[in-house]
Structures are given as structure tokens and as C-alpha cells.
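*Asks:* model this:
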Amino acid sequence: MKTIRSLCVALSAVLFLAHAAAAQESLMLPLEVDGEKVRLEVRVFKPEGAGPFPTVIFHHGSTGNGRSPSVFTNRFNPAGFGSYFTSKGWAVVMPYRRGRGGSEGVYDEGFDPERRLGYTCDPPTSLVGADRALRDIDALTLAIVELPFIDRPRLLLAGQSRGGILSIAYAAKRPELFKGVINFVGGWMGTGCGWTTTSRINQDLFRRGATSPLPSLWLYGAGDPYYPVFHSRENFAAFEAAGGKGEFIEYPRPDDITGHAIYSRASIWSQDVTRYLESRGLMMR
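*Replies:* Residues are numbered from 1 along each chain as shown. The predicted structure follows:
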């Protein structure tokens, strides 16, 4: 039975990737960030039809430990997340911050002064990198909402890992743009920096999102090598204590992926996301 189920999962993934490749567009948006003129890449997955479509902007995470420049230009695959939304009539927009994917500029989100050492555990330096990422997100968002296929009154913000925590923080900056926020296993620095340091960095960013009036959905999986669930629950408690509104849901560890990759398996979270979309008046099909 498990073998049959695994084959079905693999076949579904192949079918989605074939569909995604056909539906995918890559746009290079000319923007100015921090006084620098750059073109930042945006990848678009659309459902069938002419639109405009309700749209989710989905933000990517980090590159592991930051020590492998060769992976900075890799393009994140939305996998099960994208399949879930496009099947319900949504467009999925995936922006890439400076120096990531096909975007121009230097990737500089909280590195050690000696860059070969990767991301730094020093809180002030790490948070400066997060601020840089948020400026990229702001410039990208203001351009994305002008794209002709987007139904602006039905705009959702989401992200995975660093993209998840950035989505929570950014929602407080421009809450009028969005109808909801979904955070998949969000965090800025993993617990390899030590519990106290990691909590200081992550909770600082999560608290920034607490002023948003939008209720957010936090989805975490057991067996996450970067953000153990008890650490993420503490982050959520700090967010709520600062006035944030949201729901935290923990899922058991999947059989064949870590808890950090649950975004790729819609069968894990689809019922909860559907319920959330319904509560926000966003359900399409």
C-alpha cells in the first residue's frame, strides 16, 4: 500500500511540473531599491482563463548555511503549494530578491563579514540583512500589484522559511494590500546559532508583524532541522503577546520529507488552508 501511495505521489508531482512548465512565465521587473537600479525576477504560474485572478505572492527562503554561492541562482519550485492554488483558480507569483534566482544585484541578507562563513549569528548584522530583504519585498510588491492579471482585492501573502517570517513582518507594513498571510515554517536563523540568539533574532522579526490587523496562518511540521516546533511555538507566543492575530498548526513529520518541506505536500495542509481562505472570503473552487 505504501509503495502504491508513493507512486501516486510521484506521478502527481510529475503531472504538476509538466503543467507548471507550460503555465510558467518569467518577468524581469525594473526596480530601484536602496538607490540601486536592478531588474528582479518574478515567476508566474497562472490557472486557465483570461483573469484577472486572485493571486498569492509566495516568498522564498534562504540557501541553507549561505556558504554555497552556486545555489544563490537556483530557482525555488512551488511544488504542491503552486498546484493547490492554481487548481483553485489562483495565480501564484514568486519574486526573487536581489542576487537570488535570475535577479540582478548582490545577495546580502545577513552574512558574516567574511562571506565564506555564510550567514552570521550576530543579531544586529543578521537583522540588517532581514531589513534589506524587506526593502526588496516592498519594491517587488508595489510592482507586482500593477501586473494586469492580478485581482488586487484578492491578494494573499505567503512564504516558506525566511520567506514565511518575512511575510509576517511585511504584512504590518502594507496590510491594506492583502487579505491574508500564510507562514510555512517561518524563521530567519536556525537553532544552530543557539537557542537564546536564535529566539532573539526570530522573535524580533515576528513581533514586527504583530501590528497587522490581518489574522495569519502559521503552518509547521515536526522534524524540521532548522526550526523545532517548540521553538516556533515560542515565536508564535511572542507574536501573540505583542498583539498579533493568528493560528498555529503543527503537523506530524511526513514519511519522506522533513518538516521544513511541508509546503510541497498539499495533502498535509490543504484542509486548513481551505478553511483559512473561506474565513477570509477568498475561496474560489
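*Asks:* In the stretch 1-150 of the chain, where is pLDDT below threshold?
*Replies:* 1-23 (pLDDT under 70).
*Asks:* Where does the prediction get shaky in the stretch 151-285 of the chain?
*Replies:* Checking the stretch 151-285 of the chain against pLDDT under 70 turns up 284-285.
*Asks:* Strands along that one, start to end?
*Replies:* Here the stretch 151-285 of the chain has its strands, by DSSP state E, counting those that start in this stretch, at 180-184, 216-221, 246-251.
*Asks:* F236 is nearest to which of these?
*Replies:* The closest of the strands of the stretch 151-285 of the chain to F236 is strand 246-251. By CB to CB, the value is 4.5 Å. No exception for glycine: its C-beta is placed from N, CA and C like everyone else's.
*Asks:* how about the closest one: buried residues?
*Replies:* 246, 248, 251 (16 or more other CB atoms under 10 Å).
*Asks:* who's in contact with F85?
*Replies:* 45, 56, 91-92 (CB atoms under 8 Å, 6 or more residues apart in numbering).
*Asks:* By neighbours, which of the residues you listed wins?
*Replies:* Greatest neighbour count in these, by other CB atoms under 10 Å, goes to V56: 28 neighbours.
*Asks:* isn't it right next to W90, touching?
*Replies:* Yes - with contact defined as CB atoms under 8 Å, V56 and W90 form a contacting pair (5.9 Å).
*Asks:* Next, show the common contact partners of these two.
*Replies:* Counting by CB under 8 Å, 6+ apart, the residues touching both V56 and W90 are L156.
*Asks:* Can I get the contacts of F85 in TSV including distance to V181 and secondary structure?
*Replies:* TSV is the format used below for the contacts of F85 (distance: CB to CB, whole Å; DSSP: H, G, I helix; E, B strand; the rest coil):
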residue	distance to V181	secondary structure
F45	20	strand
V56	10	strand
A91	17	strand
V92	15	strand
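*Asks:* Mind picking the two most distant members of those residues?
*Replies:* F45 and V56 (9.8 Å).
*Asks:* in the protein, which residue is closest to the centre?
*Replies:* Centroid-nearest residue in the chain, with CA atoms, centre = their mean: G159, separated by 1.2 Å.
*Asks:* can you tell me how far that one sits from E48?
*Replies:* Look at G159 and E48: by CB to CB, to the nearest Å, they are 26 Å apart.
*Asks:* Likewise for Y251?
*Replies:* Applying CB to CB to Y251 and E48 gives a distance of 30 Å.
*Asks:* Over to T211?
*Replies:* T211 sits 38 Å away from E48, going by CB to CB.
*Asks:* These two: who's more crowded?
*Replies:* Neighbour totals were compared for T211 and E48, and T211 leads with 13 against 8 (other CB under 10 Å).
*Asks:* now A238: how far from H231?
*Replies:* 11 Å.
*Asks:* Have a look at the two and say which one is more surrounded.
*Replies:* Applying other CB under 10 Å to A238 and H231 shows that H231 carries more neighbours, namely 20 against 17.
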